[in-house]
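*Asks:* Below are the sequence and a predicted model for it; my questions follow.
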Amino acid sequence: MDDAPHPSDDQPKPTTLGDVLYARGQKPSVSEQEWVELVRSIADADQRALQVLYMQLHRLVFTLSMRITGSRETAEELTVDVFHDVWRKASTYDPSDGSVIGWVMNQARSRAIDRLRFERRKKRVNDRPDDHSAVTDPPGPQETFGGREQERILRDALQGLTQDERQAIETAFFSELTYSETAATLNQPVGTVKTRIRSGLGKLRQLLAGH
């Protein structure tokens, strides 16, 4: 992108995972409000906003998809699908439900898991074409309700955290990142990220104790 930062001759060598992944020096810090504004612009059919969001997050989406599916080709396909979903669903995003990074990575995780399950079912059917029991039945109403209820409880509990704690936890767990990777993504010191995650998890344990 034309307005993206370019490394200068006196810039230090890459020292974090984020520096290496982006290969353009240190990423500028992006506040949650800026993330939200990007999604709102995408909801207004701003293609440039989608491009900016893609440049910031596509490596994370690809990495998570690759970890789950184990296939580079599938991960590349899913990455495109995820940002297509972002384009279509941007108007449905609600900041009160979680951070933008968490929202995008949750979609990536869901798509990757769905693809993995589909491939496994297809393999079982192909291996045993006459065995109808190999096909997994869809979840029943009670199982579906239970999953949604758990999701609602967790979402409500997350509202009890500070914005920084929630962003760190959602980034780390939805994206399956290490402390260092999370710190690089959020452009924060590793120690700060560790503190936010630990304090946030402590609060979550207390908030979820009754459930």
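*Replies:* That came through fine. Owing to the predicted nature of the structure, the values given are computational and were not obtained by experimental measurement.

*Asks:* tally of neighbours for residue 70?
*Replies:* Here the count is done by other Cβ atoms under 10 Å, and residue 70 has 11 residues near it. Glycine gets a C-beta too; all of them are placed from N, C-alpha and C.

*Asks:* For it, which residues are in contact?
*Replies:* For residue 70, no residue meets the contact criterion (Cβ atoms under 8 Å, 6 or more residues apart in numbering).

*Asks:* With residue 119 instead?
*Replies:* Residue 119 neighbours (Cβ under 8 Å, 6+ apart): residue 69.

*Asks:* I'd say residue 164 and residue 199 touch.
*Replies:* No: applying Cβ atoms under 8 Å as the test, residue 164 and residue 199 come out as separate, 9.4 Å apart.

*Asks:* list residues touching both of the two?
*Replies:* Counting by Cβ under 8 Å, 6+ apart, nothing touches both residue 164 and residue 199.

*Asks:* Which helix or strand in this structure has the lowest average pLDDT?
*Replies:* helix 17-22 (a mean of 40; mean pLDDT, DSSP states H and E).

*Asks:* C-terminal to that helix, what's the next element?
*Replies:* helix 32-43 (DSSP states H and E).

*Asks:* So which elements touch the helix or strand just after that next one?
*Replies:* Later in the chain than helix 32-43, the nearest helix or strand by DSSP H and E is helix 47-69. Applying 3 or more Cβ pairs under 8 Å, 6 or more residues apart in numbering; DSSP states H and E, one finds that helix 47-69 contacts helix 32-43, helix 72-89, helix 100-127.
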